[in-house]
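**Student:** could you look at this predicted model? Sequence included:
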Amino acid sequence: MSRGSDSATGKDAEAAAWLVRLDGEAGSQARAAHEAWLGENERHARSFDRAQEVWSMLPRAAAQSPVAASHPPKAAPASKWAMAACVALIMLASAFVLTRLPGHQTLQTAPGEQAVERLADGSTAALDTMTRLSLDFDDDQRALTLEEGEVVFDVAHEAERPFVVRAGNLQVRAVGTRFVVRHVGTDTSVTLLEGRIAVSRLGEDGRAEPVAIAQGGRSLRTGDRLRLTVNGKARSDRRAIEDVAAWRRGRVVFDDVPLGEAVSELNRYGGERLAVGSDIAGLAVSGSFSTADPASFAEAVSALHNLDVRASGQTLVIESRQTQN
């Protein structure tokens, strides 16, 4: 067991001891001491919450507990003391069930589906369509792997437990901030929305090498996006905040994006599928479009660039306009 796990086990034992003490002492002095203990470390509060959770699972405990009651009784019966003592044993013996198991999970959205998930640490993750995110939280680190898709992270501040997201060869380290990570095909990027983050590139040996942002190695600013190219190089640009994660408003924003890439992006959201002729796949497209109406996108692009749109089964094909004799 790691040092972090040992520390957490000790805090769980302390939390159980406090629950027992408060069960027998309803005075202001005991409660003041308890409040001081909670303020010493963020993990104390989490451990005490788990102790109360275990307490509520025990027979008759929730109804009898003076911790939750507004007017606790002056004395506790022997059976209640026995249940309170069980909390310490359950927390120590069931640490995996209560703290480890919820930290190991995978979040996933289907084509056209989006979701906002509240994580075990209080952070939130807003998942775009066709996204798969794995989480591995322990007492030392909050580790996440974006296997595919795009996620907006709103990170709960925990200075002693970093929030680390990996996506391909990109690694983002944060404490408390908001940012977007995207990993779709060869497009791997991070965009800062608020706060500060440290961005690294992962080598073949798994080592993280800090990435210098633009000239002078400055830090990312709000609206800055850093992208890793196929050859491993990094380049940065700026985006309007309202365009970042526009999919949360049902929109997708393109800025001189190749038509073939734009079509692939819209196809991720389900609905009527689009296809594009190879001879015009590199045509630059700009604008804001609805993720729920690919037909309107096809019509707008064809009108602007003098193209044709034809139906082929369930697919709309955008192609060069045929000249007629």
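**Tutor:** Nice, thanks for sending it over. Residues are numbered from 1 along each chain as shown.
**Student:** what residue ranges in this structure score low on pLDDT?
**Tutor:** Scanning the chain for pLDDT under 70 picks out the ranges 1-13, 20, 23-28, 42-43, 46, 49-103, 212-218, 231-232, 323-325.
**Student:** how's it carved up into domains?
**Tutor:** 3-99, 116-242, 250-320 (automatic domain parsing).
**Student:** so which of these gets nearest T106?
**Tutor:** domain 116-242 (4.9 Å; C-beta to C-beta). Where you see a C-beta, it was placed from the backbone N, CA and C, and this is true even at glycine.
**Student:** quick check: end-to-end length of the closest one?
**Tutor:** Domain 116-242 has an end-to-end distance of 18 Å (C-alpha to C-alpha, to the nearest Å).
**Student:** try stretch 112-128
**Tutor:** With C-alpha to C-alpha, one end of stretch 112-128 sits 8 Å from the other.
**Student:** centre of the chain to that stretch, how far?
**Tutor:** From the chain centre to the centre of stretch 112-128 is a distance of 6 Å (C-alpha atoms, centre = their mean, to the nearest Å).
**Student:** Q105: which of the domains of the chain is closest?
**Tutor:** domain 116-242 (5.3 Å).
**Student:** coming back round to it: so can I have CSV of the domains of the chain showing mean neighbour count?
**Tutor:** Shown next, in CSV, are these (neighbours: other C-beta atoms under 10 Å):
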stretch, mean neighbour count
domain 3-99, 16
domain 116-242, 17
domain 250-320, 16
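**Student:** in TSV, list those along with distance to Q108.
**Tutor:** Listed next are the domains of the chain as TSV, based on distance: least, C-beta to C-beta, whole Å:
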stretch	distance to Q108
domain 3-99	23
domain 116-242	5
domain 250-320	14
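**Student:** nearest to L107, of these?
**Tutor:** Using C-beta to C-beta, the domains of the chain put domain 116-242 closest to L107, at 4.6 Å.
**Student:** OK, contacts around the residue nearest in space to the middle of the chain?
**Tutor:** Central residue of the chain (C-alpha atoms, centre = their mean): A125, 3.2 Å from the mean position. Applying C-beta atoms under 8 Å, 6 or more residues apart in numbering to A125 gives the contacts L107, V116, E117, L119, L133, L144, V151, V152, F153, D154.
**Student:** same question for E113.
**Tutor:** For E113, the contacting residues are T129, by C-beta under 8 Å, 6+ apart.
**Student:** rewinding a little: could you give the bridge partners of the residue nearest to the centre of the chain?
**Tutor:** Beta-bridge partners for A125, by DSSP bridges, are E117, F153.
**Student:** repeat for D308
**Tutor:** Judged by DSSP bridges, the bridge partners of D308 are E319.
**Student:** ok, it touching V301?
**Tutor:** No - counting by C-beta atoms under 8 Å, D308 stays clear of V301, with 10.8 Å between them.
**Student:** give me the common contacts of the two.
**Tutor:** With C-beta under 8 Å, 6+ apart as the test, D308 and V301 both reach I318.
**Student:** could you find the closest non-adjacent residue to T229?
**Tutor:** Excluding the flanking residues, the one nearest T229 by C-beta to C-beta, 6 or more residues apart in numbering is R235, at 6.5 Å.
**Student:** I'd guess that neighbour is in a strand, am I close?
**Tutor:** Yes - assessed by DSSP: H, G, I helix; E, B strand; the rest coil, R235 belongs to a strand.
**Student:** that one against D224, yeah?
**Tutor:** No - taking C-beta under 8 Å as the definition, R235 is not a contact partner of D224, at 11.2 Å.
**Student:** where do the contact lists of these two overlap?
**Tutor:** Counting by C-beta under 8 Å, 6+ apart, nothing touches both R235 and D224.
**Student:** all strands for the stretch 51-200 of the chain, in order.
**Tutor:** Using DSSP state E, counting those that start in this stretch, the strands of the stretch 51-200 of the chain run over 104-108, 115-118, 124-127, 132-137, 142-154, 163-167, 170-174, 178-184, 187-194, 198-202.
**Student:** let me have those in CSV, extended by distance to S320.
**Tutor:** Formatted as CSV, the strands of the stretch 51-200 of the chain follow (distance: least, C-beta to C-beta, whole Å):
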stretch, distance to S320
strand 104-108, 38
strand 115-118, 39
strand 124-127, 37
strand 132-137, 36
strand 142-154, 31
strand 163-167, 36
strand 170-174, 37
strand 178-184, 27
strand 187-194, 26
strand 198-202, 40
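**Student:** what's the spacing between stretch 204-212 and its chain's center?
**Tutor:** On C-alpha atoms, centre = their mean, the centre of stretch 204-212 falls 22 Å from that of its chain.
**Student:** with stretch 309-319 instead?
**Tutor:** The answer for stretch 309-319 is 36 Å, by C-alpha atoms, centre = their mean.
**Student:** residues contacting it, please?
**Tutor:** Taking C-beta under 8 Å, 6+ apart as the rule, stretch 309-319 contacts 259, 263, 272-277, 280, 294-295, 298-299, 301-302, 307-308.
**Student:** what about 10 Å?
**Tutor:** Residues outside stretch 309-319 that contact it (C-beta atoms under 10 Å, 6 or more residues apart in numbering) are 259-260, 262-263, 267, 271-281, 283, 294-295, 297-299, 301-303, 305, 307-308, 321-322.
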